[in-house]
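Colleague: The sequence and its predicted three-dimensional model are supplied below.
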Amino acid sequence: CVCVCVCVCVCVCSACQMDLQTAIQETQCALNLVLNNKFSEALDLLKPWWRDSMYHALGYSSILVMQATMTFEHRDIQTAMATIKEALHTCQRKTESNITSSRKSLCCVCVFAEEMHAEICYAECLLQKATLTFVQVRNFCCCFHLFDENMISFIKGGIKIRTSYQIYKILRLLEFIGFSGNRGFGLSQLREGASSHSLRSILCALTLLFYHTYVSLILGTGEGNLVEAEALLEPYQHKYPKGSIILFYSARIATLRGNFEKARARYEECISSQQEWKQIHHLCYWELMWTHSYQQEWQQAYRYADLLCKESRWSKAIYVYQKAAILSMMSEEEVKKTGENIVELFRSVCLHI
């Protein structure tokens, strides 16, 4: 059954402030709305307080950052970046105001608790800003590629050199203050968070799902723990049966299990579950293209590769290359029906890099 969130209406005046507990509850409601494909409703719920409440700011900016990373639209990226910067200011103001309040208060336990929440929200906002900065730079390079190829090469090279030194410095600093790049420990912390019943438990679960179904396979660190992935997903399948994100991971696990028929049915269900964020459709198209390719169903695979070329802005070069590669596996008669020129498609790949 669909989870229905009932949020308490708060009478607002100029002197009123959003209390911490209510802020967490409303952010949880917004998260439930997102997982039920009600993205606009989630934004509407958080928007009135996003400049004053740290959790509203975090939730509001998180949704916009998620949207920007999927669309790669310049306008979405700029909006999300402006929002995340404002969210950082909101968290910082909460920290500073709490320090002032604690000096004036004899009992400052609650004040310190709120300050800790502000620090956590601030850190999460910084992580999102880093992600969005990467998307912003990539989008900048794509936009101006034809304008000045040498300039873009210079920028890309400069960023890579700068990052190589910066990462080393950051790792040395983190090791000095007690943090280390221990994957096992990181996964155990995520498992602990996923098993809790807090605001961030679903986020920990989704991170683990992404690790087991993508990261461990793409980076070659292992085959992924599908048993754990299925166990993590199971309670959310009951709670959000029509949620596009949940349906997508269910389909992805079926793909990795080799159950392509079940996977395709889930991807199609994911596509039909919502029409607001078309970018989720593009994720499904990508996976559907591969499930058909695995079974040498080239015409169906071409259909989804062609849809990605026409609709998605994520990576035109990869989409065009995949389409050309799939067409190469089809008969001459089938290729003629598509009206495509395989040689020209391969030649055009470099134009989209």
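Modeller: Arrived safely, thanks for sending.

Colleague: Could you list which residues are in contact with the nearest residue to Asp306 once chain neighbours are set aside?
Modeller: Nearest residue to Asp306, sequence neighbours excluded (Cβ to Cβ, 6 or more residues apart in numbering): Lys323, at 6.0 Å. From N, CA and C alone the C-beta is placed, and that goes for glycine too. Lys323 makes contact with Tyr302, Ala305, Asp306, Leu308, Cys309, Glu340, Leu345 under the criterion Cβ atoms under 8 Å, 6 or more residues apart in numbering.

Colleague: Check those residues and tell me the two furthest apart.
Modeller: Greatest spatial distance among the contacts of Lys323 (Cβ to Cβ): Leu308 and Glu340, at 14.2 Å.

Colleague: who has more neighbours, these two?
Modeller: Taking other Cβ atoms under 10 Å, Leu308 and Glu340 do not tie; Leu308 has more neighbours (23 against 17).

Colleague: Report the spatially nearest residue to that one, omitting neighbours in sequence.
Modeller: Closest residue to Leu308 in three dimensions, ignoring its sequence neighbours and counting by Cβ to Cβ, 6+ apart: Tyr319, at 4.5 Å.

Colleague: quick one on the thing from earlier: just the ones in helices from the contacts of Lys323, please.
Modeller: Among the contacts of Lys323, DSSP state H puts Tyr302, Ala305, Asp306, Leu308, Cys309, Leu345 in helices.

Colleague: and Arg303, how many neighbours does it have?
Modeller: With neighbours defined by other Cβ under 10 Å, the count for Arg303 comes to 16.

Colleague: contacting residues for Cys204?
Modeller: Applying Cβ under 8 Å, 6+ apart, the residues contacting Cys204 are Leu190, Arg191, Glu192, Gly193, Ala194, Ser196.

Colleague: before we move on, back to that, quick one: mean pLDDT for whichever strand or helix holds the residue nearest to Leu308?
Modeller: Following DSSP states H and E, the helix or strand that holds Tyr319 is helix 316-328. Summarised as a single mean, pLDDT over helix 316-328 is 97.

Colleague: For the helix or strand that that helix is followed by, buried residues please.
Modeller: Past helix 316-328, further along toward the C-terminus, the next helix or strand under DSSP H and E is helix 332-338. Neighbour counts over helix 332-338 (16 or more other Cβ atoms under 10 Å) mark Val335 as buried.

Colleague: can you list contacts of the helix or strand containing Glu192?
Modeller: Using DSSP H and E, Glu192 sits in helix 183-194. Contacts with helix 183-194, where a contact means Cβ under 8 Å, 6+ apart, come from Arg200, Ser201, Leu203, Cys204, Ala205, Thr207, Leu208, Tyr211, Thr221, Leu232.

Colleague: how about it: buried residues?
Modeller: Within helix 183-194, the residues that qualify as buried are Leu187, Leu190, Gly193, Ala194, counting by 16+ other Cβ under 10 Å.

Colleague: Format those residues as CSV; extra columns: pLDDT and distance to Glu276.
Modeller: Shown next, in CSV, are those (pLDDT from 0 to 100; distance: Cβ to Cβ, whole Å):
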residue, pLDDT, distance to Glu276
Leu187, 87, 33
Leu190, 90, 29
Gly193, 91, 28
Ala194, 92, 27
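
Colleague: Looking at the residues you listed, which one is closest to His74?
Modeller: Looking across these and measuring by Cβ to Cβ, the closest to His74 is Leu190, at 33.0 Å.

Colleague: which stretch of helix or strand covers Arg51?
Modeller: Per DSSP H and E: Arg51 is located in neither a helix nor a strand.

Colleague: dump the residue contacts of it.
Modeller: With contacts defined as Cβ under 8 Å, 6+ apart, Arg51 is in contact with Ala57, Glu86, Thr90.

Colleague: From Arg183, how far out is it?
Modeller: 38 Å (Cβ to Cβ, to the nearest Å).

Colleague: just Tyr214 next, same as before
Modeller: Distance, Tyr214 to Arg183, by Cβ to Cβ: 15 Å.

Colleague: next one: Ile202
Modeller: Ile202 sits 22 Å away from Arg183, going by Cβ to Cβ.

Colleague: Kindly report the same for Ala194.
Modeller: According to Cβ to Cβ, Ala194 and Arg183 sit 16 Å apart.

Colleague: repeat for Thr71
Modeller: Separation of Thr71 from Arg183 (Cβ to Cβ): 31 Å.

Colleague: Then Ala254?
Modeller: Applying Cβ to Cβ to Ala254 and Arg183 gives a distance of 26 Å.

Colleague: Flag the shaky bits of this protein, pLDDT-wise.
Modeller: Under the criterion pLDDT under 70, the flagged ranges of the chain are 1-16, 96-112, 137-181, 221-223.

Colleague: what's the domain layout of it?
Modeller: 20-143, 147-181 (automatic domain parsing).

Colleague: Could you check stretch 72-88 and say which residues are buried?
Modeller: For stretch 72-88, the neighbour count (16+ other Cβ under 10 Å) marks Phe72, Asp76, Ile77, Thr79, Ala80, Met81, Thr83, Ile84, Glu86, Ala87, Leu88 as buried.

Colleague: tell me which element the most centrally placed residue in the chain is part of?
Modeller: Centroid-nearest residue in the chain, with Cα atoms, centre = their mean: Met66, separated by 4.8 Å. Assigned by DSSP H and E, Met66 belongs to helix 54-71.
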